[in-house]
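**Student:** My questions are about this predicted structure, shown below with the sequence.
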Amino acid sequence: MSLNEKWQTFKTAVQRQVGRASFVLGDEEAQIRAIRQMAQSKDPKNPPVLINALENIHHPTVRTAAALALGEIKDPAATLVLIALLEEETEMIQKAATTALGNLGDERAILMVVSFLRHPTDELRKLAAETAVKLGPKAIQWIAELLKRSAFDTRIAAAYALGLIRHEKCFAALETVLGDADSAVRHAVAFALPSVG
């Protein structure tokens, strides 16, 4: 190992230790800064620290930052932790977990993300639809089921999601509900069809 490589290794180790110390000892703002640095460094040793933070820190903004950082690092080991965060009551944590799961693109998250198409908040339904696109075509069958028998706002979100996915299977799913009883759903389906056709 050259002197320059040794220096870089030493420097990275020191930065990691300083970041972790700020994370453990700092206030909320210092913790969020440390989390952002962990995400930017893409150091494979950081995900366990972030996962531990999600399990032991209860401040919503710190938990939100940790969830987003795990999505940026794209470590598949974080998938199950992020799926569990979808059941939190704090909406900003749910949004961060949904976004992070989209970045990971892990199919294990499909059922939970698709279930968020039923969320009472428009913003989270839209985010769930956009995240479902990133989880691949296996999400289509679950979204299609929601399109058939759910509340009208869920059907609208499902039509939106299928329009974003742009897969041939989406066309068949959308076509089956062209005669939906609700005009808003019919409009959403008609809007989504050209995207997938």
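**Tutor:** Structure's in. What do you need? Residues are numbered from 1 along each chain as shown.
**Student:** Report the residue spans of the chain with pLDDT below the cut-off.
**Tutor:** 6, 10-26, 197 (pLDDT under 70).
**Student:** just checking, Ala78 touches Pro47?
**Tutor:** Yes - between Ala78 and Pro47 there is a contact at 5.7 Å, judged by C-beta atoms under 8 Å. Every residue, glycine included, has its C-beta placed from N, CA and C.
**Student:** the more surrounded of those two?
**Tutor:** Counted by other C-beta atoms under 10 Å, Ala78 and Pro47 do not tie: Ala78 has more neighbours, with 27 against 20.
**Student:** shared neighbours of Ala78 and Pro47, anything?
**Tutor:** Leu70 (C-beta atoms under 8 Å, 6 or more residues apart in numbering).
**Student:** so Pro141 is in which element?
**Tutor:** Quick fix: residue 141 reads Gln, not Pro. helix 139-148 (DSSP states H and E).
**Student:** er, Val114 actually
**Tutor:** Assigned by DSSP H and E, Val114 falls in helix 110-115.
**Student:** Glu175 and Leu193 touch, don't they?
**Tutor:** Yes - here Glu175 reaches Leu193: they are 7.5 Å apart, a contact under C-beta under 8 Å.
**Student:** Of the two, which one has the most company?
**Tutor:** Counted by other C-beta under 10 Å, Glu175 and Leu193 do not tie: Leu193 has more neighbours, with 17 against 13.
**Student:** quick one on the thing from earlier: may I see the buried residues of the helix holding Val114?
**Tutor:** 110, 112-114 (16 or more other C-beta atoms under 10 Å).
**Student:** same thing with stretch 48-66?
**Tutor:** Buried-residue list, stretch 48-66, by 16+ other C-beta under 10 Å: 49-51, 53-54, 57, 60-66.
**Student:** Just the terminal-to-terminal distance for it.
**Tutor:** 11 Å (C-alpha to C-alpha, to the nearest Å).
**Student:** Name the surrounding residues that touch that stretch.
**Tutor:** Applying C-beta under 8 Å, 6+ apart, the contact partners of stretch 48-66 are 20, 23, 28, 31-32, 35-36, 38, 67, 69-70, 73, 77-78, 81, 85, 88, 90, 92-93, 95-96.
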